[in-house]
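Novice: Got a predicted model here, sequence first, then my questions.
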Amino acid sequence: ATVIATIVLYSILHYQKTIEELGRKRLRDRWPGVYISIKKFIRSFAQGIELLRSSQHLFGSLFYSLLSWTLHMMAIYCLFRAFNFETSFIEASVIMIINTIVLMIPLTPGNAGTFEFAVSTSLLAFGIGRTDAVMFALALHVVDILPIFTMGLWYLHYEKFSVRKFSKEHEDDIIFKRISEEGSFVEEETT
């Protein structure tokens, strides 16, 4: 899955205009919502990669990525100690890598279930019992999600943001019109 995702993302990066033109020809009239979603994803991905071409952004991203991975490994290692597992920092690194790979493919909201399965199965390879492995995976998932959830709630409150307001703005952003005579799709973006 990682190899396929890498090939698809590489293709998007190098053949962006061709893919957008193909989508416009094949999808715009038939499935306008799919067309708009794909177009937004392609442009957002290309824009994000374009930022990394600058050495300032590249080194900053690299620094924060390494810091994040190190802190995540430390959290896993501390959780190992809390569960009284006889494991090393290297095993925490392995769990972090497996955790990262599993999170790349979101199958369920918050990766509920798939995350626990991947982490508990990999802990079995280190000789940890199934029950302890599942409990550790649940605890790790809470440790991973709780700060993000808490910060999200805080920012929603801080920015005085409401889901109702967001839904209304999203509906107003893109207006779809079908011209009955031509049967073609016209896309307008409001500013």
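Specialist: Great, that's in hand. Bear in mind the structure is a predicted one, so any value in this text is a computation, not a measurement. Numbers count the residues shown, from 1 in each chain.

Novice: Report the buried residues of stretch 74-88.
Specialist: Judged by neighbour count using 16 or more other C-beta atoms under 10 Å, the buried positions of stretch 74-88 are A75, I76, Y77, L79, F80, F83, F85, T87. Placement of C-beta: from N, CA and C, glycine included.

Novice: Need the CA coordinates for that stretch. CSV is fine.
Specialist: C-alpha atoms of stretch 74-88 as CSV (Å, rounded to 0.1, in the frame of the first residue of the first chain):
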residue,chain,number,x,y,z
MET,A,74,9.8,8.6,24.3
ALA,A,75,6.0,8.4,25.0
ILE,A,76,5.9,4.8,23.9
TYR,A,77,9.0,3.9,25.9
CYS,A,78,7.4,5.6,29.0
LEU,A,79,4.2,3.7,28.4
PHE,A,80,6.3,0.5,28.2
ARG,A,81,7.7,1.3,31.7
ALA,A,82,4.2,2.1,33.0
PHE,A,83,3.1,-1.4,31.9
ASN,A,84,6.2,-2.9,33.4
PHE,A,85,7.3,-4.4,30.0
GLU,A,86,10.9,-5.4,29.7
THR,A,87,11.5,-3.6,26.4
SER,A,88,14.1,-1.3,25.1
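
Novice: Can you name the residues that contact F83?
Specialist: Contact analysis of F83 by C-beta atoms under 8 Å, 6 or more residues apart in numbering lists D132, M135, F136, A139.

Novice: secondary structure element for the first one?
Specialist: When secondary structure is defined by DSSP states H and E, D132 falls within helix 130-158.
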